[in-house]
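>>> Only the shape, not the letters, is given here:
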(Lines give C-alpha, C1' and ligand atoms only; values in the text may rest on other atoms or scores of the structure.)
Protein backbone atom coordinates (compact mmCIF):
# COMPACT_ATOMS: atom_id res chain seq x y z
CA UNK A 1 0.00 0.00 0.00
CA UNK A 2 1.18 3.45 -0.92
CA UNK A 3 2.20 5.95 1.71
CA UNK A 4 -0.35 8.72 2.04
CA UNK A 5 1.06 12.19 1.41
CA UNK A 6 -0.65 14.27 4.07
CA UNK A 7 -1.12 17.66 2.45
CA UNK A 8 -3.17 18.90 5.37
CA UNK A 9 -0.38 18.28 7.86
CA UNK A 10 2.28 19.63 5.50
CA UNK A 11 0.23 22.77 4.85
CA UNK A 12 -0.28 23.30 8.58
CA UNK A 13 3.47 23.06 9.20
CA UNK A 14 4.14 25.38 6.26
CA UNK A 15 1.68 27.92 7.65
CA UNK A 16 3.45 27.78 11.02
CA UNK A 17 6.79 28.44 9.40
CA UNK A 18 5.23 31.28 7.40
CA UNK A 19 3.90 32.77 10.64
CA UNK A 20 7.47 32.70 11.98
CA UNK A 21 8.63 34.41 8.80
CA UNK A 22 5.91 37.01 9.22
CA UNK A 23 7.10 37.74 12.76
CA UNK A 24 10.63 38.26 11.41
CA UNK A 25 9.27 40.53 8.71
CA UNK A 26 7.33 42.63 11.21
CA UNK A 27 10.42 42.99 13.38
CA UNK A 28 12.50 44.18 10.43
CA UNK A 29 10.01 46.18 8.36
CA UNK A 30 7.90 47.62 11.19
CA UNK A 31 4.67 46.62 9.48
CA UNK A 32 2.75 43.46 8.59
CA UNK A 33 2.82 41.87 5.12
CA UNK A 34 -0.45 42.74 3.38
CA UNK A 35 -2.58 40.69 1.03
CA UNK A 36 -5.41 42.33 -0.90
CA UNK A 37 -8.18 40.09 -2.21
CA UNK A 38 -10.72 41.42 -4.68
CA UNK A 39 -14.07 39.69 -5.09
CA UNK A 40 -16.56 40.88 -7.68
CA UNK A 41 -20.14 39.63 -7.54
CA UNK A 42 -21.92 36.95 -5.56
CA UNK A 43 -20.48 33.64 -6.76
CA UNK A 44 -21.06 31.29 -3.83
CA UNK A 45 -17.90 29.20 -4.22
CA UNK A 46 -15.79 32.33 -4.63
CA UNK A 47 -17.23 33.76 -1.41
CA UNK A 48 -16.15 30.65 0.48
CA UNK A 49 -12.65 30.79 -1.03
CA UNK A 50 -12.26 34.46 -0.20
CA UNK A 51 -13.44 33.93 3.37
CA UNK A 52 -10.96 31.08 3.82
CA UNK A 53 -8.13 33.15 2.40
CA UNK A 54 -9.02 36.02 4.71
CA UNK A 55 -8.98 33.78 7.80
CA UNK A 56 -5.70 32.14 6.83
CA UNK A 57 -4.07 35.50 6.15
CA UNK A 58 -5.05 36.83 9.57
CA UNK A 59 -3.97 33.57 11.23
CA UNK A 60 -0.52 33.93 9.65
CA UNK A 61 -0.18 37.38 11.20
CA UNK A 62 -0.64 39.32 7.97
CA UNK A 63 -2.96 42.17 7.05
CA UNK A 64 -5.92 41.10 4.96
CA UNK A 65 -7.50 43.76 2.77
CA UNK A 66 -10.79 42.62 1.32
CA UNK A 67 -12.58 44.38 -1.51
CA UNK A 68 -16.07 43.15 -2.27
CA UNK A 69 -17.50 44.79 -5.36
CA UNK A 70 -20.98 44.55 -6.83
CA UNK A 71 -21.52 42.26 -9.82
CA UNK A 72 -22.24 45.29 -12.00
CA UNK A 73 -18.85 46.89 -11.30
CA UNK A 74 -17.42 48.34 -14.50
CA UNK A 75 -14.15 47.30 -16.07
CA UNK A 76 -12.79 50.81 -15.49
CA UNK A 77 -13.68 50.75 -11.77
CA UNK A 78 -12.05 47.35 -11.33
CA UNK A 79 -8.89 48.40 -13.17
CA UNK A 80 -8.73 51.58 -11.09
CA UNK A 81 -8.91 49.50 -7.90
CA UNK A 82 -6.10 47.19 -9.07
CA UNK A 83 -3.97 50.20 -9.95
CA UNK A 84 -4.61 51.73 -6.54
CA UNK A 85 -3.53 48.46 -4.91
CA UNK A 86 -0.41 48.39 -7.11
CA UNK A 87 0.46 51.82 -5.75
CA UNK A 88 -0.43 51.09 -2.11
CA UNK A 89 2.77 50.49 -0.09
CA UNK A 90 0.87 48.46 2.53
CA UNK A 91 -0.18 45.91 -0.08
CA UNK A 92 2.42 43.24 -0.93
CA UNK A 93 0.18 40.79 -2.74
CA UNK A 94 -2.91 41.21 -4.90
CA UNK A 95 -5.35 38.47 -5.76
CA UNK A 96 -8.40 38.96 -7.95
CA UNK A 97 -10.77 36.06 -7.34
CA UNK A 98 -11.78 34.37 -10.58
CA UNK A 99 -14.11 33.88 -12.35
CA UNK A 100 -15.23 37.49 -12.83
CA UNK A 101 -18.86 38.20 -13.75
CA UNK A 102 -19.70 38.26 -17.45
CA UNK A 103 -18.81 41.49 -19.15
CA UNK A 104 -15.53 41.96 -17.30
CA UNK A 105 -12.30 41.20 -19.17
CA UNK A 106 -10.43 38.80 -16.87
CA UNK A 107 -7.23 38.86 -18.86
CA UNK A 108 -7.06 42.67 -18.89
CA UNK A 109 -7.65 42.78 -15.13
CA UNK A 110 -5.02 40.15 -14.35
CA UNK A 111 -2.44 41.81 -16.62
CA UNK A 112 -2.90 45.07 -14.72
CA UNK A 113 -1.56 43.54 -11.50
CA UNK A 114 2.02 44.59 -10.73
CA UNK A 115 4.07 41.40 -11.38
CA UNK A 116 5.95 42.04 -8.14
CA UNK A 117 2.61 41.78 -6.26
CA UNK A 118 1.26 38.94 -8.41
CA UNK A 119 1.07 36.31 -5.67
CA UNK A 120 -1.26 34.16 -7.77
CA UNK A 121 1.39 33.98 -10.52
CA UNK A 122 -1.19 34.52 -13.27
CA UNK A 123 0.24 37.55 -15.10
CA UNK A 124 2.05 37.09 -18.39
CA UNK A 125 5.19 38.47 -16.78
CA UNK A 126 5.05 35.85 -14.03
CA UNK A 127 4.56 32.99 -16.47
CA UNK A 128 7.32 34.35 -18.70
CA UNK A 129 9.66 34.59 -15.71
CA UNK A 130 8.86 30.99 -14.84
CA UNK A 131 9.58 29.82 -18.40
CA UNK A 132 12.90 31.63 -18.64
CA UNK A 133 14.05 30.97 -15.08
CA UNK A 134 13.89 34.54 -13.78
CA UNK A 135 12.78 35.11 -10.17
CA UNK A 136 9.03 35.59 -9.95
CA UNK A 137 5.84 34.17 -8.51
CA UNK A 138 4.55 30.73 -9.36
CA UNK A 139 0.87 29.80 -9.30
CA UNK A 140 -0.08 28.42 -5.87
CA UNK A 141 -1.41 24.99 -6.81
CA UNK A 142 1.61 23.79 -8.83
CA UNK A 143 3.92 25.36 -6.25
CA UNK A 144 2.17 23.33 -3.55
CA UNK A 145 2.48 20.15 -5.62
CA UNK A 146 6.19 20.76 -6.03
CA UNK A 147 6.67 21.26 -2.28
CA UNK A 148 4.94 17.94 -1.57
CA UNK A 149 7.09 16.17 -4.17
CA UNK A 150 10.34 17.58 -2.82
CA UNK A 151 9.33 16.75 0.72
CA UNK A 152 8.69 13.16 -0.32
CA UNK A 153 11.49 12.58 -2.84
CA UNK A 154 14.23 15.08 -2.05
CA UNK A 155 16.24 15.80 -5.22
CA UNK A 156 14.02 15.36 -8.27
CA UNK A 157 16.86 15.58 -10.80
CA UNK A 158 16.73 12.95 -13.54
CA UNK A 159 13.34 11.58 -12.52
CA UNK A 160 10.76 11.13 -15.24
CA UNK A 161 7.59 13.10 -14.59
CA UNK A 162 4.26 13.15 -16.40
CA UNK A 163 1.88 16.06 -16.02
CA UNK A 164 -1.61 15.17 -17.22
CA UNK A 165 -3.44 18.33 -18.22
CA UNK A 166 -2.18 21.51 -19.84
CA UNK A 167 -4.11 24.32 -18.17
CA UNK A 168 -2.46 27.69 -17.69
CA UNK A 169 -2.96 27.59 -13.94
CA UNK A 170 -1.79 24.04 -13.19
CA UNK A 171 -0.46 21.81 -15.97
CA UNK A 172 1.80 24.21 -17.84
CA UNK A 173 3.43 25.87 -14.80
CA UNK A 174 3.74 22.46 -13.11
CA UNK A 175 5.71 21.16 -16.12
CA UNK A 176 8.02 24.20 -15.97
CA UNK A 177 8.61 23.71 -12.24
CA UNK A 178 9.50 20.04 -12.73
CA UNK A 179 11.79 20.96 -15.62
CA UNK A 180 13.49 23.52 -13.39
CA UNK A 181 14.13 20.65 -10.95
CA UNK A 182 15.76 18.73 -13.83
CA UNK A 183 13.06 16.14 -14.27
CA UNK A 184 12.48 14.69 -17.73
CA UNK A 185 9.00 16.11 -18.18
CA UNK A 186 6.18 14.87 -20.39
CA UNK A 187 3.00 16.91 -20.79
CA UNK A 188 0.04 14.71 -21.64
CA UNK A 189 -3.56 15.74 -22.29
CA UNK A 190 -6.83 14.75 -23.93
CA UNK A 191 -5.15 14.27 -27.32
CA UNK A 192 -2.42 11.99 -26.00
CA UNK A 193 -2.47 8.73 -27.93
CA UNK A 194 -1.81 6.03 -25.31
CA UNK A 195 -2.08 7.81 -21.98
CA UNK A 196 -1.74 4.66 -19.81
CA UNK A 197 1.57 3.83 -21.53
CA UNK A 198 2.82 7.40 -21.07
CA UNK A 199 1.90 7.37 -17.38
CA UNK A 200 3.50 3.97 -16.89
CA UNK A 201 6.91 5.41 -17.77
CA UNK A 202 6.84 8.01 -15.02
CA UNK A 203 8.39 8.16 -11.56
CA UNK A 204 6.20 11.17 -10.81
CA UNK A 205 2.60 11.60 -11.96
CA UNK A 206 0.72 14.86 -11.53
CA UNK A 207 -2.92 14.57 -12.57
CA UNK A 208 -4.74 17.84 -13.27
CA UNK A 209 -7.47 17.17 -15.78
CA UNK A 210 -10.74 17.43 -13.87
CA UNK A 211 -11.95 13.95 -14.84
CA UNK A 212 -13.07 11.86 -11.84
CA UNK A 213 -10.89 8.83 -11.11
CA UNK A 214 -9.49 8.72 -14.64
CA UNK A 215 -5.98 7.50 -13.77
CA UNK A 216 -6.11 3.83 -12.80
CA UNK A 217 -3.70 1.81 -10.70
CA UNK A 218 -2.62 -0.35 -13.63
CA UNK A 219 -1.46 2.80 -15.47
CA UNK A 220 1.20 3.41 -12.82
CA UNK A 221 4.80 2.35 -12.57
CA UNK A 222 5.09 0.45 -9.26
CA UNK A 223 6.41 2.80 -6.62
CA UNK A 224 5.52 5.98 -8.51
CA UNK A 225 4.73 9.16 -6.59
CA UNK A 226 1.25 10.38 -7.48
CA UNK A 227 -0.01 13.94 -6.97
CA UNK A 228 -3.73 14.28 -7.55
CA UNK A 229 -4.81 17.86 -8.26
CA UNK A 230 -8.36 16.95 -9.25
CA UNK A 231 -11.30 17.89 -7.05
CA UNK A 232 -14.43 16.41 -8.59
CA UNK A 233 -17.84 16.16 -6.93
CA UNK A 234 -19.59 12.91 -7.83
CA UNK A 235 -22.64 11.01 -6.58
CA UNK A 236 -21.93 9.01 -3.42
CA UNK A 237 -23.15 5.49 -2.70
CA UNK A 238 -25.92 6.87 -0.52
CA UNK A 239 -28.86 8.17 -2.55
CA UNK A 240 -28.87 11.94 -3.00
CA UNK A 241 -25.42 12.44 -1.45
CA UNK A 242 -22.23 13.49 -3.15
CA UNK A 243 -18.54 13.09 -2.40
CA UNK A 244 -15.24 14.53 -3.60
CA UNK A 245 -12.85 12.42 -5.66
CA UNK A 246 -9.65 13.23 -7.49
CA UNK A 247 -8.50 12.60 -11.05
CA UNK A 248 -6.86 9.42 -9.81
CA UNK A 249 -8.73 6.24 -8.88
CA UNK A 250 -7.41 6.19 -5.33
CA UNK A 251 -8.44 2.61 -4.51
CA UNK A 252 -6.50 0.99 -7.36
CA UNK A 253 -3.69 3.59 -7.51
CA UNK A 254 -2.83 3.24 -3.83
CA UNK A 255 -2.15 -0.47 -4.45
CA UNK A 256 0.62 0.36 -6.96
CA UNK A 257 1.99 3.82 -6.13
CA UNK A 258 4.79 4.36 -3.65
CA UNK A 259 3.09 7.47 -2.34
CA UNK A 260 -0.11 9.30 -3.22
CA UNK A 261 -2.05 12.39 -2.19
CA UNK A 262 -5.61 11.78 -1.05
CA UNK A 263 -8.62 13.87 -2.13
CA UNK A 264 -9.56 15.74 -0.05
CA UNK A 265 -6.57 16.43 2.21
CA UNK A 266 -3.79 16.30 -0.35
CA UNK A 267 -3.07 19.16 -2.73
CA UNK A 268 -6.12 21.20 -1.71
CA UNK A 269 -4.82 22.54 1.62
CA UNK A 270 -1.53 23.51 -0.03
CA UNK A 271 -3.06 26.17 -2.25
CA UNK A 272 -3.88 28.74 0.43
CA UNK A 273 -0.64 27.94 2.28
CA UNK A 274 1.28 28.72 -0.91
CA UNK A 275 -0.66 31.96 -1.35
CA UNK A 276 0.60 33.01 2.08
CA UNK A 277 4.09 31.78 1.15
CA UNK A 278 4.08 33.94 -1.98
CA UNK A 279 2.72 36.93 -0.08
CA UNK A 280 5.49 36.74 2.54
CA UNK A 281 8.01 36.33 -0.28
CA UNK A 282 6.58 39.40 -2.04
CA UNK A 283 6.76 41.40 1.17
CA UNK A 284 10.37 40.37 1.81
CA UNK A 285 11.39 41.23 -1.73
CA UNK A 286 9.66 44.58 -1.64
CA UNK A 287 11.45 45.48 1.59
CA UNK A 288 14.76 43.97 0.45
CA UNK A 289 14.76 41.38 3.24
CA UNK A 290 16.64 38.21 2.30
CA UNK B 1 16.46 6.25 -46.57
CA UNK B 2 14.82 9.23 -44.94
CA UNK B 3 13.41 12.07 -46.98
CA UNK B 4 15.55 15.17 -46.66
CA UNK B 5 13.67 18.19 -45.32
CA UNK B 6 15.03 21.00 -47.46
CA UNK B 7 15.01 24.00 -45.16
CA UNK B 8 16.83 26.12 -47.68
CA UNK B 9 14.12 25.65 -50.30
CA UNK B 10 11.34 26.07 -47.74
CA UNK B 11 12.91 29.25 -46.41
CA UNK B 12 13.30 30.63 -49.95
CA UNK B 13 9.61 30.00 -50.64
CA UNK B 14 8.65 31.53 -47.29
CA UNK B 15 10.70 34.62 -48.06
CA UNK B 16 8.92 34.96 -51.39
CA UNK B 17 5.54 34.76 -49.73
CA UNK B 18 6.70 37.31 -47.14
CA UNK B 19 7.76 39.63 -49.98
CA UNK B 20 4.21 39.33 -51.35
CA UNK B 21 2.85 40.14 -47.89
CA UNK B 22 5.17 43.13 -47.69
CA UNK B 23 3.83 44.43 -51.02
CA UNK B 24 0.29 44.13 -49.65
CA UNK B 25 1.35 45.93 -46.48
CA UNK B 26 2.93 48.78 -48.45
CA UNK B 27 -0.23 49.15 -50.54
CA UNK B 28 -2.40 49.36 -47.43
CA UNK B 29 -0.18 51.21 -44.95
CA UNK B 30 1.64 53.52 -47.36
CA UNK B 31 5.01 52.63 -45.86
CA UNK B 32 7.38 49.69 -45.66
CA UNK B 33 7.60 47.39 -42.60
CA UNK B 34 10.74 48.35 -40.69
CA UNK B 35 13.20 46.15 -38.81
CA UNK B 36 15.79 47.75 -36.52
CA UNK B 37 18.87 45.71 -35.70
CA UNK B 38 21.23 46.85 -32.95
CA UNK B 39 24.80 45.56 -32.88
CA UNK B 40 27.13 46.55 -30.06
CA UNK B 41 30.86 45.88 -30.42
CA UNK B 42 32.97 43.98 -32.90
CA UNK B 43 32.06 40.31 -32.44
CA UNK B 44 32.93 38.74 -35.80
CA UNK B 45 30.11 36.17 -35.90
CA UNK B 46 27.56 38.81 -34.86
CA UNK B 47 28.72 41.06 -37.68
CA UNK B 48 28.07 38.31 -40.21
CA UNK B 49 24.62 37.62 -38.76
CA UNK B 50 23.69 41.29 -38.79
CA UNK B 51 24.88 41.71 -42.38
CA UNK B 52 22.84 38.69 -43.47
CA UNK B 53 19.74 39.98 -41.68
CA UNK B 54 20.18 43.36 -43.31
CA UNK B 55 20.41 41.85 -46.80
CA UNK B 56 17.41 39.58 -46.25
CA UNK B 57 15.33 42.46 -44.89
CA UNK B 58 16.03 44.61 -47.93
CA UNK B 59 15.42 41.66 -50.26
CA UNK B 60 11.98 41.17 -48.70
CA UNK B 61 11.10 44.79 -49.48
CA UNK B 62 11.35 46.04 -45.89
CA UNK B 63 13.25 48.92 -44.37
CA UNK B 64 16.37 47.86 -42.51
CA UNK B 65 17.58 50.21 -39.77
CA UNK B 66 21.03 49.27 -38.56
CA UNK B 67 22.57 50.65 -35.39
CA UNK B 68 26.23 49.80 -34.86
CA UNK B 69 27.46 50.95 -31.47
CA UNK B 70 30.96 50.91 -30.04
CA UNK B 71 31.89 48.14 -27.62
CA UNK B 72 32.19 50.71 -24.83
CA UNK B 73 28.59 51.90 -25.23
CA UNK B 74 27.02 52.42 -21.81
CA UNK B 75 23.96 50.61 -20.55
CA UNK B 76 22.10 53.93 -20.39
CA UNK B 77 22.93 54.78 -24.01
CA UNK B 78 21.80 51.36 -25.19
CA UNK B 79 18.55 51.52 -23.21
CA UNK B 80 17.89 55.01 -24.58
CA UNK B 81 18.31 53.69 -28.13
CA UNK B 82 15.90 50.80 -27.51
CA UNK B 83 13.37 53.23 -26.04
CA UNK B 84 13.72 55.52 -29.04
CA UNK B 85 13.10 52.54 -31.33
CA UNK B 86 10.06 51.55 -29.25
CA UNK B 87 8.67 55.04 -29.86
CA UNK B 88 9.60 55.23 -33.55
CA UNK B 89 6.49 54.64 -35.69
CA UNK B 90 8.62 53.50 -38.64
CA UNK B 91 10.07 50.62 -36.63
CA UNK B 92 7.90 47.49 -36.41
CA UNK B 93 10.50 45.06 -35.16
CA UNK B 94 13.53 45.46 -32.90
CA UNK B 95 16.37 42.96 -32.61
CA UNK B 96 19.35 43.43 -30.32
CA UNK B 97 22.10 41.11 -31.51
CA UNK B 98 23.41 38.92 -28.68
CA UNK B 99 25.82 38.43 -27.04
CA UNK B 100 26.40 41.97 -25.77
CA UNK B 101 29.90 42.98 -24.68
CA UNK B 102 30.81 42.38 -21.05
CA UNK B 103 29.47 45.00 -18.70
CA UNK B 104 26.12 45.37 -20.45
CA UNK B 105 23.07 43.76 -18.83
CA UNK B 106 21.52 41.66 -21.61
CA UNK B 107 18.39 40.85 -19.71
CA UNK B 108 17.66 44.49 -18.87
CA UNK B 109 18.17 45.49 -22.50
CA UNK B 110 15.93 42.73 -23.86
CA UNK B 111 13.18 43.48 -21.33
CA UNK B 112 13.13 47.09 -22.49
CA UNK B 113 11.97 46.10 -25.98
CA UNK B 114 8.27 46.78 -26.55
CA UNK B 115 6.71 43.26 -26.62
CA UNK B 116 4.70 44.29 -29.67
CA UNK B 117 8.00 44.92 -31.52
CA UNK B 118 9.79 41.91 -30.00
CA UNK B 119 10.33 39.97 -33.25
CA UNK B 120 12.99 37.80 -31.62
CA UNK B 121 10.44 36.65 -29.02
CA UNK B 122 12.94 36.97 -26.17
CA UNK B 123 11.12 39.31 -23.75
CA UNK B 124 9.46 37.89 -20.67
CA UNK B 125 6.13 39.11 -21.99
CA UNK B 126 6.59 37.19 -25.24
CA UNK B 127 7.54 33.97 -23.45
CA UNK B 128 4.63 34.42 -21.03
CA UNK B 129 2.24 34.94 -23.93
CA UNK B 130 3.54 31.76 -25.55
CA UNK B 131 3.06 29.77 -22.34
CA UNK B 132 -0.49 30.99 -21.77
CA UNK B 133 -1.59 30.96 -25.41
CA UNK B 134 -1.98 34.71 -25.90
CA UNK B 135 -1.00 36.19 -29.29
CA UNK B 136 2.63 37.23 -29.34
CA UNK B 137 5.97 36.62 -30.99
CA UNK B 138 7.76 33.29 -30.89
CA UNK B 139 11.54 32.96 -31.09
CA UNK B 140 12.60 32.48 -34.71
CA UNK B 141 14.42 29.15 -34.52
CA UNK B 142 11.64 27.13 -32.85
CA UNK B 143 9.08 28.86 -35.07
CA UNK B 144 11.07 27.73 -38.12
CA UNK B 145 11.24 24.16 -36.78
CA UNK B 146 7.48 24.14 -36.30
CA UNK B 147 6.89 25.36 -39.86
CA UNK B 148 9.06 22.55 -41.24
CA UNK B 149 7.22 19.98 -39.12
CA UNK B 150 3.78 21.18 -40.18
CA UNK B 151 4.85 21.27 -43.81
CA UNK B 152 6.01 17.67 -43.55
CA UNK B 153 3.36 16.17 -41.27
CA UNK B 154 0.29 18.37 -41.53
CA UNK B 155 -1.75 18.11 -38.33
CA UNK B 156 0.55 17.33 -35.39
CA UNK B 157 -2.26 16.61 -32.91
CA UNK B 158 -1.70 13.50 -30.80
CA UNK B 159 1.83 12.87 -32.05
CA UNK B 160 4.49 12.22 -29.46
CA UNK B 161 7.34 14.71 -29.62
CA UNK B 162 10.64 14.85 -27.78
CA UNK B 163 12.59 18.08 -27.48
CA UNK B 164 16.19 17.45 -26.46
CA UNK B 165 17.55 20.57 -24.80
CA UNK B 166 15.89 23.13 -22.53
CA UNK B 167 17.38 26.46 -23.53
CA UNK B 168 15.25 29.59 -23.31
CA UNK B 169 15.70 30.36 -26.99
CA UNK B 170 15.04 26.93 -28.50
CA UNK B 171 14.09 24.00 -26.27
CA UNK B 172 11.54 25.58 -23.97
CA UNK B 173 9.64 27.60 -26.61
CA UNK B 174 9.79 24.61 -28.98
CA UNK B 175 8.08 22.45 -26.36
CA UNK B 176 5.35 25.08 -25.89
CA UNK B 177 4.77 25.32 -29.64
CA UNK B 178 4.43 21.55 -29.97
CA UNK B 179 2.07 21.49 -26.98
CA UNK B 180 -0.02 24.20 -28.64
CA UNK B 181 -0.27 21.87 -31.65
CA UNK B 182 -1.56 19.16 -29.26
CA UNK B 183 1.49 16.93 -29.36
CA UNK B 184 2.31 14.88 -26.29
CA UNK B 185 5.57 16.65 -25.48
CA UNK B 186 8.57 15.39 -23.55
CA UNK B 187 11.43 17.73 -22.67
CA UNK B 188 14.70 15.84 -22.27
CA UNK B 189 18.12 17.21 -21.36
CA UNK B 190 21.49 16.36 -19.92
CA UNK B 191 19.99 14.94 -16.72
CA UNK B 192 17.61 12.63 -18.54
CA UNK B 193 18.10 8.99 -17.57
CA UNK B 194 18.19 6.74 -20.67
CA UNK B 195 17.83 9.38 -23.36
CA UNK B 196 17.86 6.77 -26.18
CA UNK B 197 14.75 5.12 -24.73
CA UNK B 198 13.00 8.48 -24.42
CA UNK B 199 13.83 9.39 -28.02
CA UNK B 200 12.73 5.97 -29.25
CA UNK B 201 9.17 6.70 -28.13
CA UNK B 202 8.81 9.81 -30.27
CA UNK B 203 7.19 10.46 -33.64
CA UNK B 204 8.92 13.85 -33.69
CA UNK B 205 12.45 14.53 -32.43
CA UNK B 206 13.83 18.05 -32.12
CA UNK B 207 17.50 18.07 -31.11
CA UNK B 208 18.83 21.34 -29.71
CA UNK B 209 21.68 20.54 -27.36
CA UNK B 210 24.85 21.67 -29.13
CA UNK B 211 26.56 18.26 -28.91
CA UNK B 212 27.90 17.06 -32.25
CA UNK B 213 26.18 13.97 -33.66
CA UNK B 214 24.86 12.92 -30.26
CA UNK B 215 21.55 11.42 -31.40
CA UNK B 216 22.18 8.10 -33.14
CA UNK B 217 20.05 6.26 -35.67
CA UNK B 218 19.34 3.39 -33.30
CA UNK B 219 17.79 5.87 -30.84
CA UNK B 220 15.01 6.62 -33.32
CA UNK B 221 11.59 5.14 -33.85
CA UNK B 222 11.53 3.98 -37.49
CA UNK B 223 9.84 6.64 -39.60
CA UNK B 224 10.29 9.44 -37.06
CA UNK B 225 10.59 13.03 -38.23
CA UNK B 226 13.88 14.52 -37.05
CA UNK B 227 14.61 18.24 -36.78
CA UNK B 228 18.27 18.96 -36.06
CA UNK B 229 18.82 22.43 -34.59
CA UNK B 230 22.49 21.85 -33.77
CA UNK B 231 25.24 23.65 -35.68
CA UNK B 232 28.57 22.34 -34.43
CA UNK B 233 31.95 22.93 -36.05
CA UNK B 234 34.16 19.83 -35.84
CA UNK B 235 37.43 18.69 -37.43
CA UNK B 236 36.96 17.34 -40.96
CA UNK B 237 38.66 14.27 -42.42
CA UNK B 238 41.18 16.45 -44.22
CA UNK B 239 43.94 17.68 -41.89
CA UNK B 240 43.40 21.22 -40.64
CA UNK B 241 39.91 21.57 -42.11
CA UNK B 242 36.61 21.77 -40.26
CA UNK B 243 33.01 21.01 -41.14
CA UNK B 244 29.55 21.68 -39.71
CA UNK B 245 27.53 18.87 -38.18
CA UNK B 246 24.26 18.82 -36.26
CA UNK B 247 23.28 17.29 -32.94
CA UNK B 248 22.07 14.23 -34.86
CA UNK B 249 24.35 11.62 -36.42
CA UNK B 250 22.99 12.15 -39.91
CA UNK B 251 24.51 9.02 -41.46
CA UNK B 252 22.89 6.56 -39.07
CA UNK B 253 19.73 8.63 -38.40
CA UNK B 254 18.86 8.96 -42.07
CA UNK B 255 18.73 5.15 -42.27
CA UNK B 256 15.93 5.02 -39.70
CA UNK B 257 14.05 8.34 -39.78
CA UNK B 258 11.17 9.01 -42.12
CA UNK B 259 12.39 12.55 -42.71
CA UNK B 260 15.32 14.58 -41.42
CA UNK B 261 16.77 18.05 -41.73
CA UNK B 262 20.39 18.22 -42.93
CA UNK B 263 23.07 20.43 -41.37
CA UNK B 264 23.69 22.82 -42.99
CA UNK B 265 20.60 23.55 -45.09
CA UNK B 266 17.91 22.46 -42.65
CA UNK B 267 16.82 24.63 -39.74
CA UNK B 268 19.54 27.24 -40.26
CA UNK B 269 18.01 29.07 -43.23
CA UNK B 270 14.63 29.19 -41.46
CA UNK B 271 15.80 31.51 -38.69
CA UNK B 272 16.19 34.68 -40.76
CA UNK B 273 13.07 33.83 -42.78
CA UNK B 274 11.13 33.63 -39.51
CA UNK B 275 12.58 36.94 -38.37
CA UNK B 276 11.13 38.50 -41.51
CA UNK B 277 7.88 36.63 -40.92
CA UNK B 278 7.63 38.04 -37.40
CA UNK B 279 8.51 41.54 -38.61
CA UNK B 280 5.75 41.51 -41.24
CA UNK B 281 3.37 40.15 -38.60
CA UNK B 282 4.36 42.94 -36.20
CA UNK B 283 3.84 45.54 -38.92
CA UNK B 284 0.41 44.16 -39.81
CA UNK B 285 -0.67 44.07 -36.17
CA UNK B 286 0.55 47.59 -35.53
CA UNK B 287 -1.40 48.88 -38.52
CA UNK B 288 -4.44 46.74 -37.76
CA UNK B 289 -4.11 44.81 -41.04
CA UNK B 290 -5.49 41.26 -40.80
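Yep, it's here. All values reported here derive from a predicted model rather than from experimental measurement. Residues are numbered from 1 along each chain as shown, chains lettered A, B, ... in the order given.

>>> Tell me the confidence at whichever residue of the stretch 101-250 of chain A sits closest to chain B?
As assessed by CB to the nearest CB, chain B sits closest to residue A:128 within the stretch 101-250 of chain A, at 3.0 Å. For every residue, glycine as well, the C-beta is placed using N, CA and C. We have a pLDDT of 98 for residue A:128.

>>> Secondary structure element holding it?
Following DSSP states H and E, one finds residue A:128 within helix A:124-132.

>>> residues in contact with that helix?
A:111, A:115, A:118, A:121, A:134-139, A:168, A:172-173, A:176-177, B:123-132, B:134, B:168, B:172-173, B:176 (CB atoms under 8 Å, 6 or more residues apart in numbering or on different chains).

>>> List only buried entries from the residues you listed.
Among those, those buried by neighbour count (16 or more other CB atoms under 10 Å in any protein chain shown) are A:111, A:115, A:118, A:121, A:136-139, A:172-173, A:176-177, B:123-132, B:172-173, B:176.

>>> Off-centre distance for the following helix or strand past the helix holding residue A:128?
Later in the chain than helix A:124-132, the nearest helix or strand by DSSP H and E is helix A:140-153. In terms of CA atoms, centre = their mean, to the nearest Å, the centre of helix A:140-153 is found 10 Å from the chain centre.

>>> give me every residue that touches residue A:151.
Neighbours of residue A:151 in contact, by CB under 8 Å, 6+ apart: residue A:10.

>>> Residue A:10 versus that one, what's the distance?
6 Å (CB to CB, to the nearest Å).

>>> same question, residue A:259
For residue A:259 relative to residue A:10 (CB to CB), the value is 12 Å.

>>> Likewise for residue A:278?
From residue A:278 to residue A:10 the distance is 16 Å (CB to CB).

>>> the more surrounded of the two?
When neighbours are counted by other CB atoms under 10 Å in any protein chain shown, residue A:278 and residue A:10 differ, and residue A:278 comes out ahead with 25 against 20.

>>> For the closest residue to residue A:261 other than its chain neighbours, give me its contacts.
Excluding its sequence neighbours, the residue lying closest to residue A:261 (CB to CB, 6 or more residues apart in numbering or on different chains) is residue A:5, at 4.6 Å. Listed by CB under 8 Å, 6+ apart, the contact partners of residue A:5 are A:148, A:152, A:225, A:227, A:259, A:260, A:261, A:262, A:266.

>>> Quick check: the last one vs residue A:231, distance?
Shown here: residue A:266 relative to residue A:231, a distance of 10 Å by CB to CB.

>>> and if you look at the first one?
Here the criterion is CB to CB. By it, residue A:148 lies 15 Å from residue A:231.

>>> The two: which has the busier surroundings?
Neighbour count, other CB under 10 Å: between residue A:148 and residue A:231, residue A:148 has more, with 22 against 16.

>>> Go ahead and confirm the more buried one touches residue A:8.
No. Residue A:148 lies out of contact with residue A:8 (CB atoms under 8 Å); the separation is 11.2 Å.

>>> residues contacting residue A:278?
A:93, A:119, A:120, A:121, A:137, A:138, A:140, A:143.

>>> Okay, and it sits in which element?
helix A:268-287.

>>> what is the orientation angle of that helix with helix A:140-153?
If you take axes from the mean of the first three to the mean of the last three CA atoms, to 10 degrees, helix A:268-287 sits at 100 degrees to helix A:140-153.

>>> how about helix A:268-287: buried residues?
Of all the residues in helix A:268-287, those buried under the rule 16+ other CB under 10 Å are A:268-284, A:286.

>>> Figure out how far it is from the centre of its chain.
Per CA atoms, centre = their mean, the centroid offset for helix A:268-287 relative to its chain is 11 Å.

>>> and if you look at stretch A:195-213?
Worked out by CA atoms, centre = their mean, stretch A:195-213 lies 18 Å from the chain centre.

>>> repeat for stretch A:108-127
The answer for stretch A:108-127 is 15 Å, by CA atoms, centre = their mean.

>>> okay, how far is it across it, tip to tip?
Terminal residues of stretch A:108-127 lie 15 Å apart, using CA to CA, to the nearest Å.

>>> Identify each of the strands in the stretch 151-290 of chain A and give its residue range.
Counting by DSSP state E, counting those that start in this stretch, the stretch 151-290 of chain A has strands at residues A:160-164, A:184-188, A:204-207, A:225-228, A:232-235, A:242-245, A:259-260.

>>> got those as JSON lines, with distance to residue A:80 columns?
Formatted as JSON lines, these follow (distance: least, CB to CB, whole Å):
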{"stretch": "strand A:160-164", "distance to residue A:80": "37"}
{"stretch": "strand A:184-188", "distance to residue A:80": "38"}
{"stretch": "strand A:204-207", "distance to residue A:80": "38"}
{"stretch": "strand A:225-228", "distance to residue A:80": "39"}
{"stretch": "strand A:232-235", "distance to residue A:80": "37"}
{"stretch": "strand A:242-245", "distance to residue A:80": "38"}
{"stretch": "strand A:259-260", "distance to residue A:80": "46"}
